[in-house]
Structure formats: C-alpha cells, structure tokens
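Trainee: Predicted structure and sequence below. I'll ask about it afterward.
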Amino acid sequence: MRAFAVGCLIGLSFIGTPVALAAPADVAPAADADPGNAVWRYLWQREGWDPGQGAPLHSTDPAAPKIIAAIDALTQGDTAKAATHCDEAAALAPNSLWTLLAKALCEAATAGGATGETEARQALAKAPQSALVRMVLAEALGGTAAPEKALSQWMIAAALAPEHPLTQIKLGQGLWLNGDKVAAQKAFQYALKLAGHQPTAGAAIGTFYLRQQQREAAAEYYELAFQTRPDDASLIHMLESLYINAGQPLKALNVYERAIAARPRVWPLYMRMAGLAERYAPSEVPALLDTAERRFDNDPVILTQIGAIASDVRRFSQAEQAFQRALRLDPKQVAAYTGLANVYMQQNRLNDAVAVMERAVAQQPEFGEGLHLLGVLALQQSRGPDAVRYLERAAKANKGAMTTQLALALAYRAVKEPAKALDILKQQTEQNPRAIQVWLSLGDAYMDTKAYPSAIGAYQKATALEPLNDAAYYALGNAYSQADKSDDAIRAYQRAILLDLRSLDARNNLGNVYLRRKQPDAAIDEFERILTIDPGYATAYYNLACAYAQQHDDEAAFKLLDRALILDSKLRDVARGDSDFDSIRQD
C-alpha cells in the first residue's frame, strides 16, 4: 500500500505546530505531562493496551492540567468527570487545540454525535496536517462502530504518520470492518514491523480480532506479542483463555512451559500450570512438581505449596517429602504441619496426623487451626474428652470461627453434654442465620435429646435456606419418622431421593417407614432398588428380610437375613429382638 512508503511523521505531539498561549498568572502550566501524549495514550488504551509513551513533554497550554485530567477520566471510564474537566479547560483556553480535542473525545465517549465531530473539525482547521487530529476525528465520527465514516480519516492519519504503529493498526481495523481483509492484514503486519520488540501492536491487533470473534487470528497475534514478552502475565492469561475455550489445553500448557523457561523462578507460573495439568494432562504433574521442588528447595513457603498440590493429586509420598523439607527449613511453618497432617488423614494414618499437629501446637500454643484439627482427629478416634479440650482452646484462639463452634458442639454431644451443645448452636443461629450447617447441627442436637418438634423446626429452616439440599430433607424425614409423623416422613424422604437418586440411606429409611405402616410391598420396592445400586448394602438385605417375614415368606426371609449377617455380623443382635421376625422365630 502506498501509505506504507510515503509520508512523514507530522504532528505526533504537535511539536511542529504548537499552539502556544500565555499562561495566566494564577494557572501553573503542566510541568510533567503533555496533552498530546495523554491523547495518544488514551487512543492506545482504547485498543486494550497501554504502550507506555516514554518521557512526557512540557506544555505551555494553560489548560493542560485540566485537559490531561479529562483524558485520565476518560481512560477510567468516568465520562461525567471528564466532561467537567473539559468545561474547566474551555474556561481557561476555549480555542486551544487540546481543549477541542478533549471535548471531541468526551463527546465521542458519551454520545458520539455531531457535537464531537464539530469540535474535532474545528481542531482539524487549526492543524490539518496532524495525524493525531485525524485519529480523534475518526473517533468522533464513530470509530469502529461506523467504520465506513472513519476509514478515510484513518487512511489520512496513516499517510501523515506512517511510522506510528497505532495509525497502521487503526487503518487495518477500518479496512477489515469495511471488508478489505487482505489489505487489513498487510496493515497489521506493517504495524508489527514498526513496533519492533514491543508487544503493544500484537496485543492490540489480537484484541481487535477477539472482538470480531476471530479467535484463531487473535491467538496468532497474541502469540507474536508473547514471543517478545514471555513474562507478560496479561498475555499469558489471554492465550490460556483462548486455547482452553478452543479445546486446545495442551497449547495452554505449552504457554506456561515457555513462560517458565523464560522466568524459571516465578512460582505462580508453576502453580497455574499445575492446576491446568491436573485437569487436562495429569501425567505431566509429577515432572512439574519435581522441577519446582528442585528449583525452590530452600523456600519453605513454596515447598509447603508444592506439598499441597501434590496432596491434591494424591501424590502422598511427594507431598510428605515437601512438607517435611519445609519443616526442616522452618520448624514454625505451621501451614506445612497442617498439610502434612491432612496427607496422613487421607491415608488413614490418624496417629501420625495427631503427632504432627501436636508438634505444631507445641511450636505455637495458640495455633487455632492446629487445635481445631486436633479436636476433629480426636472426634474421629472417639476420644470425646480430648476433642472437647482441644476445641475449647481452638474456640478461644479463633473467636467467631463458625466451623470450630460447630465442631465443639459435636464434641459436647459426644461426651453427653447436650445442653452445652445446644447453647453453642442457638448462639450460632443468631450469628449465622443463613448458614444451613448451623441449622442442621442444631437439629441433630435436638434429636439427641428426643426433642423432635424442635428438631423438625431446625431442619425445616435448613430446607427453606437450601430447597435443593437432599441432606436437609433426609434429616427432616428422620425427625418426622421419630415423631411418628409417617406421612410427613414419606414426603421428606421422597424429596431427598428426588434430589439425589443414589441417596441409599433415604431409600432405606423410607422403606422402614413402610414396614412400620405394615406396607411390605412398598418397602420391598425401596429395598430392592437399593440393592440394584449397591449389592453390598447389608441393612437393605436385613430390612428386605423383615418385609418378607411380614408377608410370611419364611424361605425368602431366611435367605435374605443370612446374606445380611454375612455382610454385617453386628445385625445378629438386632435380629434377636426384632418383632418383624416373630412369625419365623421358632423355625
């Protein structure tokens, strides 16, 4: 294109055609910025990128501070504030070229109509050879929203300033939007050549293609920008998003590989790549973690995070190694203690987990999270008094922590102190009235004391908070069942099953309600459905035997009971006193 070969750099910052006005005595001229640079930066930022224009120039325009403030407000999207600054600039220098351009941009950013065009054309009359004025006039004419009007101004601007990447980018956009895609691509390529090693042009072109839903082209130009700036976080995230949305996760992983190669000591890159690899290429995670562990082998904080990632992908040996090394480097790295304890818990090594957390608490006696975890471990090991002791200390260290309060209430229930549990849970309903777990825990505590109407009320509150929570309806069904409200219990259990078709406990308890109502056919239907889902559900065999015993089908009842006892010998003692087997007990 001819515009690429001819023309001279005219008017980029109006150095060649300054509009010098004497500054009033009470207005200090801008000493550290120039309106021309501010306008260029604003136009660049409209493309989604800040080029960082280098050292600003001085200006003798008395309205310069107000004009720059207006442009800054436009950059931030505050058009009302920008308009106010434009009015203030007009009061100081109504005929200033910069004031006219600022007002034109304000109008373009709000209404974009003839007023903006009028101001821009007045500026054009003052500086007809300025590429910047042409660029502003194109914006006032509608810019990319009206490319058929703006294209001629972009073409003139590109001819006036052929060495400025932005003029070529805007020319390319105008050509593309007017249907000349071949010429547009040439303009974009020329802009990249002008930009040299700066990623500005590539990113701006990529953003334009992205807005046109041309994702492959967008990725191509973002890649060009990324090649010159592999450490640029915004480019990395954009390429990741493009490749993931295009169903090309391996390309996204490759972006992070290249970024890590360029900056091997930036830990967040490893973290994000590990997250992607865990989802899309699990086999890549071990090598990545090994590399990270070697490069950060003296940083206890990063080693702790490596351990956490390894734990998430169930590489327990590597997680344990990373946590242990972190603790050797810094014995007070409490997060490493917690992570190591969680690794042991996932491996059912509860005693090891307890030992680790006791070391953590010895390091920091008021370590609330460690005390909480020790309490939870004590509950899992049925050590109620120890659980109470640890969780009471955790509650003091973490005042207001709802999870600790709920765990403490559970510990009080374990040691048969329901009044203390209820006091805590009632207080939590006042402090966290919309937390469903609080209401479920309160209902459970009422069930312990056989206060079934109160339990029903708590569970109803939970179902109101989360109408799609199957566990809440299951608990409500249990409360209705214990209160001998079988119709309500059936409805609650059926709702729980509807929300989770694999809710085997809800089906089992629903079948029990039918058994109590002497409806063995309905009960048999529920128990048989359980066994189609889980053939090893011992209680379903037992209850199915009860149902057949109610129907006096002795042979079926014996076979099913025998199967239940094979799966769970503890059911033998239950069967001895179960009235459902009275009809076959003498056989």
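Mentor: Sure thing, it's come through.

Trainee: who touches Arg215 in this structure?
Mentor: Contacts for Arg215 (Cβ atoms under 8 Å, 6 or more residues apart in numbering) come out as 209, 242, 245-246. For the C-beta atoms, the positions are set from N, CA and C on the backbone; glycine is no exception.

Trainee: Who wins on neighbours among the residues you listed?
Mentor: When neighbours are counted by other Cβ atoms under 10 Å, Leu242 leads the contacts of Arg215 with 22 neighbours.

Trainee: can I assume that residue is in contact with Tyr222?
Mentor: Yes: counting by Cβ atoms under 8 Å, Leu242 touches Tyr222, with 6.9 Å between them.

Trainee: in terms of contact, does Ala397 touch Gly370 like I think?
Mentor: No: with contact defined as Cβ under 8 Å, Ala397 does not count as touching Gly370 (9.0 Å).

Trainee: And the two? Which one has more around it.
Mentor: Gly370 (27 against 19).

Trainee: confidence score at that one?
Mentor: In this model, Gly370 is scored at 93, pLDDT.

Trainee: Show me what the helix or strand hosting it packs onto, helices and strands only.
Mentor: In this assignment (DSSP states H and E), Gly370 forms part of helix 368-380. Helix 368-380 sits against helix 334-346, helix 350-363, helix 384-397, helix 402-414, with contacts defined as 3 or more Cβ pairs under 8 Å, 6 or more residues apart in numbering; DSSP states H and E.

Trainee: number of nearby residues for the closest residue to Tyr280 other than its chain neighbours?
Mentor: Nearest residue to Tyr280, sequence neighbours excluded (Cβ to Cβ, 6 or more residues apart in numbering): Pro249, at 3.7 Å. Using other Cβ under 10 Å, Pro249 has 16 other residues around it.

Trainee: could you list every residue that touches Pro249?
Mentor: Per Cβ under 8 Å, 6+ apart, neighbours of Pro249: 243, 276, 279-281.

Trainee: Those residues into JSON lines, with extra columns for secondary structure?
Mentor: Listed next are the contacts of Pro249 as JSON lines, based on DSSP: H, G, I helix; E, B strand; the rest coil:
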{"residue": "Tyr243", "secondary structure": "helix"}
{"residue": "Leu276", "secondary structure": "helix"}
{"residue": "Arg279", "secondary structure": "helix"}
{"residue": "Tyr280", "secondary structure": "helix"}
{"residue": "Ala281", "secondary structure": "coil"}
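
Trainee: Nearest to Gln551 among the residues you listed?
Mentor: Arg279 (51.8 Å; Cβ to Cβ).

Trainee: sorry, back to before: ok, the residue nearest to Tyr280 to Glu216 distance?
Mentor: 16 Å (Cβ to Cβ, to the nearest Å).

Trainee: CA-only coordinates of the one helix or strand Leu250 maps to in CSV, if you can.
Mentor: Counting by DSSP H and E, the element that carries Leu250 is helix 249-262. Extracted in CSV, the C-alpha atoms of helix 249-262 (Å, rounded to 0.1, in the frame of the first residue of the first chain):
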residue,chain,number,x,y,z
PRO,A,249,-5.5,-27.3,26.6
LEU,A,250,-2.1,-28.7,25.6
LYS,A,251,-1.3,-25.4,23.8
ALA,A,252,-2.3,-23.6,27.0
LEU,A,253,0.2,-25.8,28.9
ASN,A,254,2.8,-25.0,26.4
VAL,A,255,2.4,-21.3,27.0
TYR,A,256,3.2,-21.9,30.6
GLU,A,257,6.2,-24.1,29.7
ARG,A,258,7.6,-21.3,27.7
ALA,A,259,6.8,-18.7,30.4
ILE,A,260,8.6,-20.9,33.0
ALA,A,261,11.6,-21.3,30.6
ALA,A,262,11.8,-17.5,30.4
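
Trainee: which is the next helix or strand following the strand or helix carrying Ala83?
Mentor: Taking DSSP H and E as the definition, Ala83 sits inside helix 79-92. Next along the chain after helix 79-92, taking DSSP H and E as the criterion, comes helix 97-110.

Trainee: Could you list every helix and strand that that following helix packs against?
Mentor: Using 3+ Cβ pairs under 8 Å, 6+ apart: helix 97-110 touches helix 35-45, helix 64-75, helix 79-92, helix 114-126, helix 131-140.

Trainee: Helix 79-92 and the fourth one, what's the angle between them?
Mentor: Inter-element angle recorded for helix 114-126 and helix 79-92: 40 degrees (by axes from the mean of the first three to the mean of the last three Cα atoms, to 10 degrees).

Trainee: just checking, what packs against helix 114-126?
Mentor: So helix 114-126, by 3+ Cβ pairs under 8 Å, 6+ apart, packs with helix 97-110, helix 131-140.

Trainee: Just send the ones you listed back as CSV, with distance to Ala451 and mean neighbour count too.
Mentor: CSV is the format used below for the helices and strands packed on helix 114-126 (distance: least, Cβ to Cβ, whole Å; neighbours: other Cβ atoms under 10 Å):
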stretch, distance to Ala451, mean neighbour count
helix 97-110, 64, 26
helix 131-140, 71, 28
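
Trainee: Can you classify Gln173 as helix, strand or coil?
Mentor: Gln173 - assigned by three-state DSSP - is helix.

Trainee: tally of neighbours for it?
Mentor: Based on other Cβ under 10 Å, the number of other residues close to Gln173 is 26.

Trainee: The one 10 residues further on now?
Mentor: Summarising burial for Ala183: neighbours were counted as other Cβ under 10 Å, giving 16.

Trainee: From Gln168, how far out is it?
Mentor: Counting by Cβ to Cβ - Ala183 and Gln168 are separated by 11 Å.

Trainee: How about Gly206?
Mentor: On the measure of Cβ to Cβ, Gly206 and Gln168 end up 15 Å apart.

Trainee: go on, Arg359?
Mentor: Counting by Cβ to Cβ, the gap from Arg359 to Gln168 is 64 Å.

Trainee: The two: which has the busier surroundings?
Mentor: Gln168 (30 against 16).

Trainee: Show the contacting residues for the residue nearest to that one when sequence neighbours are not counted.
Mentor: Excluding its sequence neighbours, the residue lying closest to Gln168 (Cβ to Cβ, 6+ apart) is Ala191, at 3.8 Å. Listed by Cβ under 8 Å, 6+ apart, the contact partners of Ala191 are 165-166, 168-169, 172, 201, 205.
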